[in-house]
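K.L.:
Got a sequence here, can you build the structure:
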Amino acid sequence: MFDFDATLPVMALQFILLVIILNATFYKPLNEVLDKRADYIRQQEIGGKEHLEKARELAAQYEQQLSETRKKSQEVVISAQSEAKKIASEAIVIAQQEAQIKKEAVAKEIAQQRQDALKVLEKQVDILSHQILEKLLGPKLIK
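P.N.:
Numbering: from 1, shown residues only. Below you'll find the model as predicted:
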């Protein structure tokens, strides 16, 4: 089957020469491209991880700022509510004082009008009683 003559070393030499040529022209550039691609993928992965970490840090900062802003807004709302309650209570006190003053003024005015009405009625009662006496006793007896 196999002849071990001079063709075997020539075939071996051709095979080795073919491997060297293929390695130089095909496999070496292909390996370089594959290595470059692997390096590119590694760099992109590292860059992606860095960007992801930065994004997480920014998200954490934004969450913290949002939390602080919410706390401040709640404090502002509570402060505004307490200020509004204070203003409302002051307005109520002032309104009550004004109402009390007006009530007292009206009560004084009513009392004055009552006194005036009583005086007028007393005069009218005097006049009527005098007229009644005149009619009953006569004008000459009353003086």
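
K.L.:
how about low-confidence regions in the chain?
P.N.:
Filtered on pLDDT under 70, the chain yields the residue ranges 1-4, 139, 141-143.

K.L.:
Could I get the full set of strands for it?
P.N.:
Shown for the chain, no strands are assigned by DSSP state E.

K.L.:
And Val10, how far from Leu17?
P.N.:
10 Å (Cβ to Cβ, to the nearest Å). C-beta: built from backbone N, CA, C; applies to glycine.

K.L.:
try Ala24
P.N.:
Relative to Leu17, and taking Cβ to Cβ, Ala24 is found at 11 Å.

K.L.:
just Lys102 next, same as before
P.N.:
123 Å.

K.L.:
what do you get for Glu53?
P.N.:
Taking Cβ to Cβ, one finds Glu53 at 52 Å from Leu17.

K.L.:
Please apply the same query to Ala6.
P.N.:
16 Å.

K.L.:
Ok, Gln44 next?
P.N.:
The separation that Gln44 has from Leu17, given Cβ to Cβ, amounts to 40 Å.

K.L.:
swap in Lys36?
P.N.:
Distance from Lys36 to Leu17, counting by Cβ to Cβ: 28 Å.

K.L.:
Then Ala117?
P.N.:
Ala117 is 143 Å from Leu17, by Cβ to Cβ.

K.L.:
Arg114 now?
P.N.:
140 Å.

K.L.:
Break down the chain into its helices, ranges please.
P.N.:
Secondary structure of the chain, counting by DSSP state H: helices at 7-22, 28-137.

K.L.:
Please convert those helices to JSON lines, extending it with mean neighbour count.
P.N.:
JSON lines is the format used below for the helices of the chain (neighbours: other Cβ atoms under 10 Å):
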{"stretch": "helix 7-22", "mean neighbour count": "10"}
{"stretch": "helix 28-137", "mean neighbour count": "10"}
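
K.L.:
what's the spacing between Glu83 and Ser89?
P.N.:
11 Å.
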